[in-house]
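Pasting a predicted model and its sequence here:
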There are 2 protein chains.
Amino acid sequence: MHDCFETARKVRSGNRRALSRAITLAESSHPAKRAQGERIIDALAQSGIRESLRIGLTGPPGVGKSSLLNRLGSELTKQGKRVAVLAIDPSSPRTGGSILGDKTRMDSLIQSDLAFIRPSPAAGALGGVAESTREVTFLCEQAGFDMIFVETTGVGQSEVEVAELTDIFVLLVSPGSGDELQAVKRGIMEIADLIAITKSDGDLRQAAERTCAAYHGALRLFGPRKIDPDGIPCAMNVSSTDVGSLMTLWQVIEDLACWRQESGNWRQMRIDQEQRWVRSLLRRQLLSNLESCSGLTGSTVQLEAVIRKTGTVFSPDARAHLRATLAKLNQITATGNND
Amino acid sequence: MHDCFETARKVRSGNRRALSRAITLAESSHPAKRAQGERIIDALAQSGIRESLRIGLTGPPGVGKSSLLNRLGSELTKQGKRVAVLAIDPSSPRTGGSILGDKTRMDSLIQSDLAFIRPSPAAGALGGVAESTREVTFLCEQAGFDMIFVETTGVGQSEVEVAELTDIFVLLVSPGSGDELQAVKRGIMEIADLIAITKSDGDLRQAAERTCAAYHGALRLFGPRKIDPDGIPCAMNVSSTDVGSLMTLWQVIEDLACWRQESGNWRQMRIDQEQRWVRSLLRRQLLSNLESCSGLTGSTVQLEAVIRKTGTVFSPDARAHLRATLAKLNQITATGNND
């Protein structure tokens, strides 16, 4: 127990090694280690909770997320800011393999004593955000970082999940013809707080400006949102080779964060996020329990055998078994209703 | 009851109006109507189950899904084939609105007496496939269609869900520079059975051929799959204005279907899909029950009030409530373990 308090104390003092250790425990699939991580979180929660600005950053591979973070992060650390980067690592559903290298691609930022870069494992079929990412964000906040960037590739649901963990959600887009506007998922456009068109320099500058204008127009289509000071999110051009453009981007992010804090949106958004997070945590726990629930498992195994035998869930026999399994499931949850 | 048998009989005889009615009942959120749909399905299941070739078709908006389906479908009906098209309608998460018009965009196919085009509502935050789509596919099969196309836009998880409902999963891609290879989600490349580069005509032909070569190369990266005769999926060029290219596409689809049927892969894949479908159905039912489970709901409501008050789920008070709620949840599922 003492060790957890000691680690918590070190995390709070900004010790990056202790923070790494705490994150590894919080992310562990080993129950005892995970419990240790929980105790560290408890210890930190008891001594007053710190909050950082959390920024989600998403965009397709090749859009320049790492370059932008590397350069912007370096500038912020030069100004004395403490910067954490959590890179969500998308896995592929069939091979389970993971693509990484974000850490090495941020070669300049990684040199700074004020920076902390951490790849986070992804979970789920199409590389969603790991269950523990919320805890990891909390740990970084307690370590006193001024801002936490949560970066993800546009894989499956991960953007939506990252938006749920952050205060400002930035979508990066490559310059392209007007047609490419369509390629952004509609759902993502609607949750973006800011769209930045990357690579706005050299030969691509003109294309980037056209793309920016197209997105600016498209963002108006979704109608006014009360979480933006002007009612619609901003679209802007940036280049990782132009520090000025990155600092303008940062100014827009900071202004938006300030406005939301003053207008009360910021706190309300965080509370809403926490509520949804808890609900999904309970849901996950329930599903995990279901898998070890012997009464139901027996019934499900029978059902699956019938499907194998008859070749379809629509065979009369399979349908009868499916109904029996559903009845069992209803019975279990009805028990929970009685107390 | 008589009415359900009568509707089932009409569906089986290929009556499209009866099929539409049965689908509307199966998709209904009204319990009594849904139960009627279930009875129609029961009636159909009892008189011998028919199977059609199910083809999933996905790709970003603007790639030309509707044009391709319109032209290919028309050609197939000219050959006397009966063609059903289920168009999954992506909804937007915030507005709940839906984008439609697929039906009107297939103006030529819709003229044929042998065709059936049906938009299906989407479900879930980012426009996933509706729960009832599996039943809708079954109903179309019993109506004797030779092939069923399930079409979806690349929104959220919908491609993966459509792949789970179909025998052959076709990914459509627009011609572009080599860079655009990166824009396809890695997870989708791995589940595609066939990649078709659209608009391979006129000015775009060369770009389309380069794109095709790039995908052909990329598909090799994933290593051999035993569900393909050559070990890797095929990449090919098509144009909706060139009927020959569409018939070549169709030949490739048919050859793959034949090979899979003869090699035993086809039956095994369907059984695996049905097993996964049943598991997700049970999971959905459980989550839906959870929401009406008073014991747990009370505890969750308290937890949410604490989060609202303390502003975070990491406050000691919120953590204590979260633990109590998890304990309650565990208790409910433990009850299910005893019988």
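Sure thing, it's come through. Numbering: from 1, shown residues only, chains lettered A, B, ... in the order given.

in the stretch 151-300 of chain A, which spans are strands?
For the stretch 151-300 of chain A, applying DSSP state E, counting those that start in this stretch gives strands covering A:168-173, A:194-197, A:234-237.

May I see those arranged in JSON lines, with distance to residue A:14, mean pLDDT and mean neighbour count as well?
C-beta: built from backbone N, CA, C; applies to glycine. Below are those laid out as JSON lines (distance: least, CB to CB, whole Å; pLDDT from 0 to 100; neighbours: other CB atoms under 10 Å in any protein chain shown):
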{"stretch": "strand A:168-173", "distance to residue A:14": "23", "mean pLDDT": "94", "mean neighbour count": "24"}
{"stretch": "strand A:194-197", "distance to residue A:14": "29", "mean pLDDT": "94", "mean neighbour count": "26"}
{"stretch": "strand A:234-237", "distance to residue A:14": "32", "mean pLDDT": "94", "mean neighbour count": "20"}
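
Any idea which of these gets closest to residue A:274?
Judged by CB to CB, the one of the strands of the stretch 151-300 of chain A that comes nearest to residue A:274 is strand A:168-173, at 16.3 Å.

residues near the nearest residue to residue A:144 once chain neighbours are set aside, how many?
In space, and not counting its chain neighbours, residue A:144 is closest to residue A:14: 5.1 Å by CB to CB, 6 or more residues apart in numbering or on different chains. Using other CB atoms under 10 Å in any protein chain shown, residue A:14 has 16 other residues around it.

ditto for the one 4 residues further on
Around residue A:18 sit 20 other residues, with neighbours defined as other CB under 10 Å.

Next up, the contacts around it.
With contacts defined as CB atoms under 8 Å, 6 or more residues apart in numbering or on different chains, residue A:18 is in contact with A:7, A:10, A:11.

Just the pLDDT for the last one.
Put plainly, it is residue A:11. For residue A:11, the pLDDT comes out at 97.

Most neighbours among the contacts of residue A:18, which one?
Busiest of the contacts of residue A:18 [other CB under 10 Å] is residue A:11, holding 26 neighbours.

What lies in contact with the helix or strand hosting it?
Here residue A:11 sits within helix A:2-12, counting by DSSP states H and E. With contact meaning CB under 8 Å, 6+ apart, helix A:2-12 is reached by A:17-19, A:21-22, A:36, A:39-40, A:42-44, A:47, A:139, A:142-144.

Show me the two of those that sit farthest apart.
Longest span within those, CB to CB: A:36 and A:144, 21.6 Å.

Who has more neighbours out of the two?
Taking neighbours as other CB under 10 Å, residue A:36 and residue A:144 compare with residue A:36 leading, 21 against 15.

give the contact list for that one.
A:3, A:4, A:25.

Check what pLDDT it gets.
Predicted confidence (pLDDT) for residue A:36: 94.

That one and residue B:322: what is the separation?
Distance of residue A:36 to residue B:322, computed by CB to CB, to the nearest Å: 18 Å.

before we move on, the earlier item: now, of the contacts of helix A:2-12, which are buried?
Buried members of the contacts of helix A:2-12, scored by 16 or more other CB atoms under 10 Å in any protein chain shown, are A:18-19, A:21-22, A:36, A:39-40, A:42-44, A:139, A:142-143.

Please name whichever of the residues you listed scores lowest on pLDDT.
Within the buried ones among the contacts of helix A:2-12, residue A:42 has the lowest pLDDT, namely 90.

so where does it fall, helix or strand?
With DSSP H and E as the test, residue A:42 turns up in helix A:31-46.

What is the distance between that helix and the centre of its chain?
Mean-position distance between helix A:31-46 and its chain equals 21 Å (CA atoms, centre = their mean, to the nearest Å).

ok, then the element right after it?
Later in the chain than helix A:31-46, the nearest helix or strand by DSSP H and E is strand A:53-59.

Relative to that next one, what are the paired strands and their orientations?
strand A:147-153 (parallel), strand A:168-173 (parallel) (DSSP bridges).

one step back: surely the residue nearest to residue A:144 is in a helix?
No - if the criterion is DSSP: H, G, I helix; E, B strand; the rest coil, then residue A:14 is coil and not within a helix.

wait, doesn't it sit right on residue A:82?
Yes - using CB atoms under 8 Å, residue A:14 makes contact with residue A:82 at a distance of 7.3 Å.

Find residues that contact each of the two.
Common neighbours of residue A:14 and residue A:82 (CB under 8 Å, 6+ apart) are residue A:144.

Enumerate every residue touching the residue of the stretch 151-300 of chain A found nearest chain B.
Minimum separation of the stretch 151-300 of chain A from chain B (CB to the nearest CB) falls at residue A:289, amounting to 3.8 Å. Listed by CB under 8 Å, 6+ apart, the contact set of residue A:289 reads B:329, B:330, B:333.

what's the first one in contact with, if anything?
What it means is residue B:329. So residue B:329 contacts A:282, A:285, A:286, A:289, B:296 (CB under 8 Å, 6+ apart).

and the first one, how many neighbours?
Same thing as residue A:282. For residue A:282, the count of nearby residues is 21 (other CB under 10 Å).

Could you check the top helix by length along chain A and say which residues are buried?
Counting by DSSP state H, the longest helix found in chain A is helix A:265-291. By neighbour count on 16+ other CB under 10 Å, the buried set for helix A:265-291 is A:265-266, A:269-271, A:273-275, A:277-278, A:281-283, A:286, A:289-290.

Just want the angle from that helix to strand A:53-59.
Computed by axes from the mean of the first three to the mean of the last three CA atoms, to 10 degrees, the angle separating helix A:265-291 from strand A:53-59 equals 70 degrees.

how far is helix A:265-291 from where the chain is centred?
Centroid separation for helix A:265-291 versus its chain: 14 Å, with CA atoms, centre = their mean.

Kindly report the same for stretch A:136-152.
For stretch A:136-152, the distance to the chain centre is 12 Å (CA atoms, centre = their mean).

what about it, start to end distance?
Terminal residues of stretch A:136-152 are spaced 15 Å apart (CA to CA, to the nearest Å).
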